[in-house]
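S.K.: I'd like to go over a predicted model; first the sequence, then the structure.
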Amino acid sequence: MADNMTKRTGKAKKKAAPKKDRAWFERKVAELKAELEKLPSDRQEALKDDLDQGKEH
């Protein structure tokens, strides 16, 4: 019976991890967007162009 509890606990941890990872990812994206907005507009455009060229290749 103790084995069943251990298995359930393990499954619960696996299900909780993606939510935490998603929250971390969303925070990081927000931080990067904020930093991008601080850059001069010409630098922002240059970075967008670089990103677009990377998608084509």
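M.R.: Now that the structure is in, tell me what you want to look at.
S.K.: in this protein, which helix or strand is least confident?
M.R.: Lowest by mean pLDDT, DSSP states H and E among the helices and strands of the chain is helix 2-38, with a mean of 77.
S.K.: what residues sit buried inside the next helix-or-strand element following it?
M.R.: Next in sequence after helix 2-38, counting helices and strands by DSSP states H and E, comes helix 41-56. Neighbour counts over helix 41-56 (16 or more other C-beta atoms under 10 Å) mark no residue as buried. Quick note: C-beta positions are derived from backbone N, CA and C, even for glycine.
S.K.: ok, residues contacting helix 41-56?
M.R.: With C-beta atoms under 8 Å, 6 or more residues apart in numbering as the test, helix 41-56 has contacts from Leu36, Glu37, Leu39.
S.K.: that one - what's its average pLDDT?
M.R.: Averaging pLDDT along helix 41-56 gives 91.
S.K.: could you export that helix as CSV, CA atoms only?
M.R.: What follows is helix 41-56, C-alpha atoms only, in CSV (Å, rounded to 0.1, in the frame of the first residue of the first chain):
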residue,chain,number,x,y,z
SER,A,41,14.0,51.8,-32.2
ASP,A,42,16.7,51.3,-34.9
ARG,A,43,18.3,48.5,-32.9
GLN,A,44,14.9,46.9,-32.4
GLU,A,45,14.3,47.0,-36.2
ALA,A,46,17.8,45.4,-36.8
LEU,A,47,17.0,42.6,-34.3
LYS,A,48,13.6,42.0,-36.0
ASP,A,49,15.3,41.8,-39.4
ASP,A,50,17.9,39.4,-38.1
LEU,A,51,15.1,37.2,-36.6
ASP,A,52,13.2,37.3,-39.9
GLN,A,53,16.3,36.2,-41.9
GLY,A,54,16.9,33.4,-39.5
LYS,A,55,13.3,32.0,-40.2
GLU,A,56,14.0,32.0,-43.9
